[in-house]
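A.B. asks: One predicted model, sequence on top.
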Amino acid sequence: MKRKRIRYIGYYDIPKSTQNREFSPAATNFMTYLSSVIVEEGYDVEIVSMSPTLGKQPMFGNFVNLSQHLSLKTFFSIGSCNNICRRIDIHLLRLQMFLYLFFTMRKDDVVIVYHSLNYARLFINLRKVLNFRFILQVCEIYQDVTSNIAKKLKIDEYSIFNKCDAYIFSNDLLRDKIDPEHRLESVIIYGIYKQNIPAKSSFNDHKIHVVYAGTLDINKGGAAAAAAELDSRFHIHILGFGGKKQIETIQDIINNHHGDCELSYEGLLQGEEFISFMRKCDIGLSTQIPNATFNDTSFPSKVLNYLSLGLKVVSVRMKALEVSKISDELFYINSNEAKDIAKGVEIAADSISKSATILSDLDKSLHTNIRTFLSGIE
């Protein structure tokens, strides 16, 4: 029997790809995991990427088979030599995406769209001319995260919430806010459940290794500052990506650190290099502003990434986490202040984790839920 194809739209690239396209490691890992689950349930998945190249030279699009039933489609990108090129590139990529889907999709094809304001209007318009089964994957409401969004984009965001046939949500609170009456089919996926990882390794220095991996946003910080509150048993590693000023700020904090706890910036690690490094660590940090508006509906993907890599997790207390099925495995702190983070780290260091069993159960449940969910959408 021929396998049904599902298209999965998002910003995606292969780690260390020669095309050097823009993507979020967390989102890409999430898409890779969900794609693998869908493939295991008997479907072919074609990831269609909107990612522009970060290089200054044009890059042609291509079609790559990532595995037997998983493929990746990318589009021509003119390069990011200056701001004008970047703006043109965004519009060009939208046009290519629209035309590609318009000419290749058939009636009742299933499309999963990873929610983004950059192409929300594109899919609102596409629904007007094509009859396809539209699943919207919502991990956060962007206007809750930042106020620096144009009024038109705010309208588009809630408009696309009402144009889809079904949802994939990253937490229960998002479903209650966007679809309070649960009128449409939906499935909740917190993040990556599968522990497909190498054996635990070590830095061989008898220290407890603590890691923060993510955007180098000072508002989500505190991780580096916590080193001043910890003793010589600990080593804090900062991994992540950010602008030049953000990297310089982290490096300044490290250069001015004179405490007993070691503190280092490891840069941006990806793919196997990232996994190998994380498997040497013991505790992962999820630190951000506790009372931020987006905390009511946002589920930090790094929490599941840490757990899936076998780390204990110290996290700022958030409602979306507290009502989740992994809540009991987390070590909560009430602020992102250095002293609170350090206290959470010390408690986690002396505790035992059972996350492997919980994640295994969630992974098995997800396969069942996805099978039922997709069969109901077709």
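C.D. replies: All right, it came through fine.

A.B. asks: use CA for all of it now, contacts and neighbours both
C.D. replies: Noted.

A.B. asks: Can you get me a residue count around the closest residue to Lys354 other than its chain neighbours?
C.D. replies: Take Lys354 and drop its neighbours on the chain: the residue closest to it by CA to CA, 6 or more residues apart in numbering is Glu329, 7.1 Å away. Taking other CA atoms under 10 Å as the criterion, the count of residues near Glu329 is 16.

A.B. asks: And Glu329, how close does it get to Ala348?
C.D. replies: 10 Å (CA to CA, to the nearest Å).

A.B. asks: Also Ile238?
C.D. replies: The value you get for Ile238 to Ala348, if CA to CA is used, is 18 Å.

A.B. asks: Of the two, give the one with the bigger neighbour count.
C.D. replies: The neighbour count for Ile238 versus Ala348, taken as other CA under 10 Å, is higher for Ile238 (24 against 20).

A.B. asks: which residues of the chain fall in helices?
C.D. replies: Along the chain, counting by DSSP state H, helices occupy 25-40, 83-104, 120-129, 142-145, 151-161, 172-178, 244-255, 271-278, 301-308, 319-322, 338-349, 355-377.

A.B. asks: give the contact list for Arg133.
C.D. replies: By CA atoms under 8 Å, 6 or more residues apart in numbering, the contact set of Arg133 is Asp108, Asp109, Val110, Val111, Cys164, Asp165, Ile377, Glu378.

A.B. asks: ok, and the closest non-adjacent residue to it?
C.D. replies: Val110 (4.6 Å).

A.B. asks: Can you give me the pLDDT of the one you found?
C.D. replies: At Val110, the model reports a pLDDT of 97.

A.B. asks: circling back: okay, and the common contacts of Glu329 and Ala348?
C.D. replies: Lys312, Val313.

A.B. asks: For beta bridges, what are the partners of Leu330?
C.D. replies: Going by DSSP bridges, Leu330 is paired in beta bridges with Val313.

A.B. asks: Give the full set of residues in contact with it.
C.D. replies: Neighbouring residues of Leu330 by CA under 8 Å, 6+ apart: Lys312, Val313, Val314, Ser315.

A.B. asks: rerun at 10 Å
C.D. replies: By CA atoms under 10 Å, 6 or more residues apart in numbering, Leu330 lies in contact with 303, 307, 312-317, 321-322, 344, 348, 353, 355.

A.B. asks: I'd like to know how far it sits from Arg317.
C.D. replies: Between Leu330 and Arg317 the distance is 9 Å, computed by CA to CA.

A.B. asks: One more: Ser276?
C.D. replies: Taking CA to CA, one finds Ser276 at 28 Å from Arg317.

A.B. asks: same thing with Tyr43?
C.D. replies: In this view, Tyr43 and Arg317 are 38 Å apart by CA to CA.
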